[in-house]
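Novice: I would like the atomic coordinates for the input below:
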Amino acid sequence: MCGIVGAISDRPIDPGTIAEMRDSMAHRGPDHAGLWSAKDARVCLGHRRLAIVDLNAEANQPFISHDGRFVITFNGEIYNYQSLAQELRKQGVAFRTHSDTEVLVEAFRYWGHQCLERLSGMFAFAIWDTRERKLFCARDRAGEKPFYYATVNGTFLFASELKALVGWSEFRKQIHFPALVDFLTFGFVPDPKCIWEGCQKLPPGHQMFVETNSEGAPVAGRPSAYWDMEFDPDDSISDWGPKILDTLQAASKEMLLADVPVGAFLSGGVDSSSVTAALSRSGCAVKTFTVGFEDKDYDERHWARKVSQIYATEHTEKLVVPRDVSAVFEKLLWHYDEPFNDYSYLPTFYVCREARKFITVALSGDGGDEMFAGYKKYQRLGMRQTLQSLLPGRVRSLLAAGAESVLPEKSPFQKTVSSYGMDAPTMLLDMLTTCFPLRTLRTVARGALAETLKHYSPTDVVRPLLSKAPPKDVGLVNAMRYLDLKLTLAGDILVKVDRASMAVSLEVRPVYLHREVMALAGRIPPGLLVDRKQAKKALKSAFRPWLPNEILYRDKMGFGVPLKKWINGDLSHLFSGSTQGGALEGLLDSSLIASLTLQHLSGSADLTSAIHSVALLNSWLGRWTGSAKPKNAPAVTEGHAVSKAS
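Specialist: Numbering: from 1, shown residues only. Purely as a prediction, here's the structure:
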């Protein structure tokens, strides 16, 4: 895994500036710092390397194609690079290294942007064409690797992390308020938005060209999709078990390729346990890693140990306690760049840090719930789909109204039945809302945030996505799987894992997001994935030969943290403050945190997510809306010399 950065400008670029931006991401690549600058100094590419495949210096980046025309800076891994190299050798390509970087740039040289269709991997990269003077940018299908970009006063900038762009002296840190609304709704800033005005993320599965005009100024084209999730249910197959096992095992084997130590995360849940099983059954001696808590309601170490014993893995555990949160809270504010409310980043960081003591690459089960309908919300959607075919819309609305008047307020059952009266986009948005419902947000918003809410709604995020996976065509379960792929995975889970792992220079490879696994998931009919009694049916059934029922059919715990209790006790100093006099003053009701905390302490509601989101946002704004170079940033590595090429 690596960090990439670059600039194209209508005037000469100071390589030292790009080197500083690059080295703000030294944690992403401690093994080498590279820089390439064009002869006219109007293009400069930087790279921080975490060496995984071909550890030799010849594979360092930025990397130049053998004909000298293309220069690449690349973050990620191409799992099938060896088979691509064989194809290219038949076309006369002579390789100088054994790296996937060289294969990628030569694949682009030979096939152009159509090479993306051939890639199996996770990636974000930019390739400069020295002859045509244009840049090609691309991001992997699921959005495992990040790609931020902005055009600032005649200069196009891109980087793996937002902190690098903030290091450009002319970059103005002005809050993009629709993105702030999204954060307060979903708990993250969804693609392609960015928290700063004028900055964007290249969406997953998209490509983009940046041309230069006659005066040499960069002109960024509109991103276009080269891949999208397709739902093509195959009703001719009743038992998907053999295909699931074969596909997962093949994917795991392909993703093992590395010239450094490899292991796996193991929580004892279905997804991580199946990855451990697949690796072990492929003949791999597996190192596994898990975290746990003193609170038994959140501690999965017992289950992880069971799987470790079954497959004789070399197992390591890390216990996370409240003081661990205090120790890394400020550090993680810096690493995550944008406000981020999924507080499972805390155990994720610690399991990554523990694993990095022994391995450089970890395989994970991330994506299994989204690809194979593993959440309880999918059971509710399956039930709604059944009722939809049996009851007219008016009857469903009456049921929903009755639930609101009769059932206890905010009870899970009331929420479920009430949702039956909503249209599909509203209901799905409600299921994706983890912080503040829109009605509540409009009540507590002040100033510029309140003004934004007069003309903007988070529904504006959901509706365009549903136009590509309409519930009336693909069904509610598949519509939500699509939203989870584009929102929950790309904006939340994969961001969490990327930043937490890169903070300690660890590469994480999610097996369930391998292209063949995702393609398989799109073919399984929703009715075989979930029903009102059980989620992730097809996977659990498939893994019966690999895992015991006590692992497959235990209650889902998720990768949670006992933050609800910690807020009331050991961590009250982090989360009980007021917004008054802070960075959030004038944007949210100053009594909001006190009100939320009071309700939380009384036990009348579990408001952990809302309390965390406001407290974190207050701290984040205080840190990032000050100077361009945040205090306490990790030390950076000195840059290397600049190489020149046309």
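
Novice: element containing Phe74?
Specialist: In this structure, Phe74 sits in strand 70-78 according to DSSP states H and E.

Novice: tilt between the helix or strand following that strand and strand 70-78?
Specialist: Next in sequence after strand 70-78, counting helices and strands by DSSP H and E, comes helix 81-90. Going by axes from the mean of the first three to the mean of the last three C-alpha atoms, to 10 degrees, helix 81-90 is angled at 140 degrees with respect to strand 70-78.

Novice: State the mean pLDDT of the next helix or strand after helix 81-90.
Specialist: Downstream of helix 81-90, the next assigned helix or strand under DSSP H and E is helix 100-111. Averaged across helix 100-111, pLDDT comes to 98.

Novice: Show me what helix 100-111 is packed against.
Specialist: On a contact count with 3 or more C-beta pairs under 8 Å, 6 or more residues apart in numbering; DSSP states H and E, helix 100-111 meets strand 63-64, strand 70-78, helix 81-90, strand 121-129. Bear in mind the C-beta positions are built from the backbone N, C-alpha and C, glycine included.

Novice: Which of these sits closest to Ile195?
Specialist: Of all the helices and strands packed on helix 100-111, strand 121-129 sits nearest to Ile195, with 18.7 Å by C-beta to C-beta.

Novice: For that closest one, which strands pair with it and how are they oriented?
Specialist: strand 70-78 (antiparallel), strand 134-139 (antiparallel) (DSSP bridges).

Novice: how distant is that strand from the center of its chain?
Specialist: Relative to its chain's centre, strand 121-129 lies at 18 Å (C-alpha atoms, centre = their mean, to the nearest Å).

Novice: related to what we said a few turns ago, I'd like the strands paired with strand 121-129 as CSV, with distance to Pro545, mean pLDDT and mean neighbour count appended.
Specialist: Listed next are these as CSV, based on distance: least, C-beta to C-beta, whole Å; pLDDT from 0 to 100; neighbours: other C-beta atoms under 10 Å:
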stretch, distance to Pro545, mean pLDDT, mean neighbour count
strand 70-78, 29, 98, 26
strand 134-139, 36, 98, 23
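
Novice: nearest to Phe95, of these?
Specialist: Nearest to Phe95, of all these, is strand 70-78, at 13.4 Å by C-beta to C-beta.

Novice: element containing the residue nearest to the spatial centre of the chain, please.
Specialist: Central residue of the chain (C-alpha atoms, centre = their mean): Leu494, 2.0 Å from the mean position. For Leu494, the host element (DSSP H and E) is helix 494-502.

Novice: what does that helix contact?
Specialist: For helix 494-502, contacts defined as C-beta atoms under 8 Å, 6 or more residues apart in numbering pick out 1, 3, 27-28, 142-146, 161, 188, 332, 335-337, 340, 342, 344-345, 348-349, 352, 362, 364, 366, 507-508, 510.

Novice: could you give the angle of it to strand 121-129?
Specialist: 80 degrees.

Novice: next structured bit after helix 494-502?
Specialist: Next in sequence after helix 494-502, counting helices and strands by DSSP H and E, comes strand 507-510.

Novice: Having no further points to raise, I will conclude here.
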